[in-house]
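J.: Please work out how this folds:
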Amino acid sequence: MLYSFKRFFVTVSYLKSKQVYYRIYYILRNKIRLKLNIKYAQAISSNTYILDLEDSLPQYESMREYSFTFLNKTYQYKNKIDWNFNEYGKLWTYNLTYFDYLNQKNITQKKGLRLINDFIDSITEIKDGLEPFPISLRGLNWIKFINRYKINNKKMNNSLYAQYHILVDNIEYHLLGNHLLENAFSLLFASYYFKDENFYLTANKILKKELNEQILSDGAHFELSPMYHQLMLFRLLDCINLLQRNSWKKDDLLKYLTSKASVMLGWLERITFLNGDIPLLNDSAEKIAPPTAELISYARRLNIEIASIELNDCGYRKIVKAYYECIVDIGNIGPDYIPGHAHSDTFNFLLFIRNKPFIIDVGTSTYEVNELRQIERSTISHNTVMLNHTEQSKVWGGFRVAERAKVIRRIEKENYICAIHDGYKKRFNALHQREFYFENNVIKIVDTIDTLYKYHAVSRLHFAKDVILKKEKNIVWANEVQIIFSTDKLKIKPYSYTKEFNQEILSNVLEISFIQKVSMEIKL
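T.: Predicted coordinates:
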């Protein structure tokens, strides 16, 4: 009980006062409204204006007739859609109510209208789908669909306008981060579609403040997930599309958004592997966001320049040689007040050899608050060192982080990186130092535990499924790659990783046990 209270207190101590205020405010306000039986209107009379939009990017196919597939889980409805269906978890229900499928390639106007009308007819019973986040995504998708087919339907418009009034009354200031940006991106579209001044002023204010804070100087989105970076960039490009082709407002917002998109494109181009894969760092998975190549193509259609950047504030470093690409994480968990998509992975690294994955991240397969979610966020699931069976950073509760490792020193030279973190200092009075040496055909990694005591440490390497491991004393052959260790305390164990939600791929992890110091040489 005492440990749980301490963990909760440490977690809350990192929150912004604004987050705490709005959490309390929304809870109390909603309780009062429930007692007074105050409810939101289901429809509000509106005036709408068809928008001129360049074709956006199509969504992944997720619907066929009454069959819906999200997160690699499929459900077939027989006659009527249950918009509250939750047997596959809340994120699946969210996806059902996002209406991304309105913008998949094979959707027809008739099918789309039938789905929208079914949702509107069921709106008094809908629960999760009327939360601000799904309203934000659904609103964008409805507006895109409506404008593609130039639909003028009063029932649809008045329902959508009422939903946006729910959103503007429940903006996610208690969460901040990508949720708040999604609210603002959607409100910008709604402001143009309904010519609503209040929506515009709210969106403008949030976008300028939050993009200034959430986009780091090197162009990274501050939650440090390449997948969420792609999603935020996609929304940003859609908003630029909107402002370029519709002249309701004439101010500096378009110029501001374009400048942010430029550096975000530069970061994404830099972090993406040459084969087009993104590194699945923190909460990242494939087939959620548009691929990098499609985003760059979309940006070019909008005449947005791609900034030339070097990885810096994000904490990631990428080393590219003739035969390999290596991404190293020497940054802190971030941001402090919203680390919900962060993992306990300080000094993690990924290695692609000849454009193929070799040493990889375990990935993210679920957002359910369960044991698997805990494992995927933990130190044991990353290519770094765990000391005495203890987490570097205390991830918990699905989207929480209590005490966390801080990088206290970095040295960066040509072909050399050294960093030290203090994640084990409070409990064991120990510091972890990791050094990387990069040559054309060799990568050397040296781990040092700076402590007076002889604690048991384990370094792990998670290999892609096509990599076959063979051990000979202190040498491991990984296909044609030789890895030489300074110890022979090596174990090959099975593990499963994921590239997409609810996916399992079997492979092998190598565990290297040591006391105080160990080195490895990866010879290509």
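
J.: Touching, I309 and A220? I think so.
T.: No - counting by Cβ atoms under 8 Å, I309 stays clear of A220, with 9.1 Å between them. Using the backbone N, CA and C atoms, a C-beta is placed for each residue, glycine as well.

J.: Touching both of those two, which residues are there?
T.: Residues touching both I309 and A220 by Cβ atoms under 8 Å, 6 or more residues apart in numbering: W267.

J.: So for those two, which sits in the more crowded spot?
T.: Comparing I309 with A220 by other Cβ atoms under 10 Å, the one with more neighbours is A220, at 29 against 21.

J.: Excluding residues flanking it in the chain, which one is nearest that one?
T.: C314 (3.6 Å; Cβ to Cβ, 6 or more residues apart in numbering).

J.: Identify the residues contacting that neighbour.
T.: Contacts of C314 (Cβ under 8 Å, 6+ apart): 216, 218, 220, 224, 267, 331.

J.: Helix, strand, or coil at it?
T.: Three-state call for C314 (DSSP: H, G, I helix; E, B strand; the rest coil): coil.

J.: per-residue confidence for it?
T.: pLDDT recorded at C314 is 98.

J.: Just to be sure, L231 is in a helix?
T.: Yes - according to three-state DSSP, the state of L231 is that of a helix.

J.: check contacts around it.
T.: With contact taken as Cβ under 8 Å, 6+ apart, L231 is in contact with 178, 288-289.

J.: again, only this time at 6 Å
T.: A289 (Cβ atoms under 6 Å, 6 or more residues apart in numbering).

J.: Repeat that for the one 10 residues further on.
T.: Each residue near N241 by Cβ under 6 Å, 6+ apart is listed here: 53-54.

J.: tell me the SS of it?
T.: helix.

J.: Which pLDDT does the model give the residue sitting nearest the centre point of the chain?
T.: By Cα atoms, centre = their mean, the chain has its centre lying nearest to Y228, at 3.3 Å. Predicted confidence (pLDDT) for Y228: 98.

J.: count of residues packed around the closest residue to I375 other than its chain neighbours?
T.: In this structure, I375 finds its nearest non-sequential neighbour in S381, 5.9 Å apart by Cβ to Cβ, 6+ apart. Using other Cβ under 10 Å, S381 has 23 neighbouring residues.

J.: can you map out the helices along this protein?
T.: Counting by DSSP state H, one finds helices in the chain at the ranges 2-13, 17-35, 90-98, 109-121, 132-148, 154-168, 177-194, 197-214, 226-245, 253-271, 292-301, 371-377, 425-428.

J.: Got the domain ranges for this protein?
T.: With domains defined by automatic domain parsing, the chain comprises 40-200, 215-314, 328-523.

J.: residues in contact with Y77?
T.: Here Y77 is in contact with Y66 (criterion: Cβ under 6 Å, 6+ apart).

J.: and if we set it to 8 Å?
T.: 66-68 are the contacts of Y77 under Cβ under 8 Å, 6+ apart.

J.: Of the residues you listed, just say which sits nearest to F436.
T.: Within the contacts of Y77, the smallest distance to F436 is 44.6 Å, found for F68 (Cβ to Cβ).

J.: ok, now how distant is that closest one from L102?
T.: Distance of F68 to L102, given as Cβ to Cβ, to the nearest Å: 13 Å.

J.: more crowded one of the two?
T.: More crowded of F68 and L102, by other Cβ under 10 Å: L102, with 24 against 20.

J.: picking up where we left off before, ok, now how distant is the residue nearest to I375 from S46?
T.: Taken as Cβ to Cβ, the span from S381 to S46 is 48 Å.

J.: cool, Y60 as well?
T.: Here the criterion is Cβ to Cβ. By it, Y60 lies 31 Å from S46.

J.: neighbour count winner among the two?
T.: S46 (18 against 15).

J.: I'd assumed F194 was in contact with the more buried one.
T.: Yes - between S46 and F194 there is a contact at 5.6 Å, judged by Cβ under 8 Å.

J.: Next, show the common contact partners of these two.
T.: Y161.

J.: and M520, what does it touch?
T.: M520 neighbours (Cβ under 8 Å, 6+ apart): 444-445, 459, 483-486, 512.

J.: what about 10 Å?
T.: 443-447, 459, 461, 474, 476, 483-487, 490, 510, 512 (Cβ atoms under 10 Å, 6 or more residues apart in numbering).

J.: All set now, cheers.
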